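S.K.: Sequence first, predicted model second:
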Amino acid sequence: MRLCSYTFSLGGDSLIEAINLSVKIGSRQILKKINFTFQDKEKIAIVGPNGSGKTTLLRALGGMLPYMGEIILDGMEIRKYKRQDIAKLVSYVPQIFYTPYTFTVEEFVKMGKYVDIRNWWNAEEIDRYLDDVGILSLKARYVNTLSGGELQKVLIARALAQNPKIIMLDEPTSHLDPKAALEINKIITNLDKTVISVVHDLNAAYNLYSKIMVMANGEIFGIFEGKSQDFVDAISKIYGIQYEIMGNRFIVPRGP
């Protein structure tokens, strides 16, 4: 199976671009000369088998890992930004989060304003971020008492409080029950931001994202439109499972 570097653009000025992006950790080459271009307000899902480099790519794009090649963020190479300036453009929601500290939901979301306000505890207008994700009633709760779905909403609210152009999410619905996953996916769909998500739920990728990047072995196999047969053909090759589209909404393994 031959993989390729792949560039996809809708034209106009790009918001984020990777040029020959490579990441090596120790002796292991994780990403191998990746190329792509994405525009403002696109929603991009990154899918692929475990170990294909999805999370590493996300962290590199957020300036959290050393890399070779170039990452152009809002017209400038990301290495030229100060860390605080990157945080004004990109917010990152991790797959797993834990804090031993007893912050309230309101206090925790206020921390997202640290990129603009050093005394973040005095930040105002936090209620609108809580309301955007449906957790205004939880503002006095402690974050370490929340369910997984509630905590994920809090993390997204804090990301919104940074007021970034791009929100990156690493498996935002992993470990959530179906109802909580649906609620998180609805929030993602309604975000008026560029969204880049690592996604294992192929049906969520197919239905909710405008572009889907398929990765394998540290490379891009291709970037496809959402709800396309090309995407279904690609994941059939990558996973070695023959998938088909059912009712134009669901991707299911083809029966015997």
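M.R.: Yep, that arrived. Numbers count the residues shown, from 1 in each chain.

S.K.: And the helices in the chain, which stretches?
M.R.: Assigned by DSSP state H, the helices in the chain fall at 54-61, 83-89, 105-110, 127-132, 148-161, 178-190, 202-208, 229-239.

S.K.: Let's have those helices in TSV, adding distance to Ile44.
M.R.: From N, CA and C alone the C-beta is placed, and that goes for glycine too. Compiled in TSV, these are given as follows (distance: least, C-beta to C-beta, whole Å):
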stretch	distance to Ile44
helix 54-61	10
helix 83-89	16
helix 105-110	25
helix 127-132	21
helix 148-161	16
helix 178-190	11
helix 202-208	10
helix 229-239	12
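
S.K.: For my notes, please list those in a markdown table and give mean pLDDT and distance to Gly48 for each entry.
M.R.: A markdown table is the format used below for these (pLDDT from 0 to 100; distance: least, C-beta to C-beta, whole Å):
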| stretch | mean pLDDT | distance to Gly48 |
| --- | --- | --- |
| helix 54-61 | 95 | 6 |
| helix 83-89 | 89 | 25 |
| helix 105-110 | 91 | 31 |
| helix 127-132 | 90 | 30 |
| helix 148-161 | 93 | 22 |
| helix 178-190 | 93 | 19 |
| helix 202-208 | 93 | 10 |
| helix 229-239 | 94 | 6 |
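
S.K.: nearest to Ile72, of these?
M.R.: Ile72 lies closest, by C-beta to C-beta, to one member of those: helix 54-61, at 10.6 Å.

S.K.: contacts for that closest one?
M.R.: Helix 54-61 has contacts (C-beta atoms under 8 Å, 6 or more residues apart in numbering) with 16, 18, 21, 23, 25, 30-31, 34, 46-48, 65, 67, 71, 73, 78, 90, 92, 95, 168, 170, 196, 198, 215.
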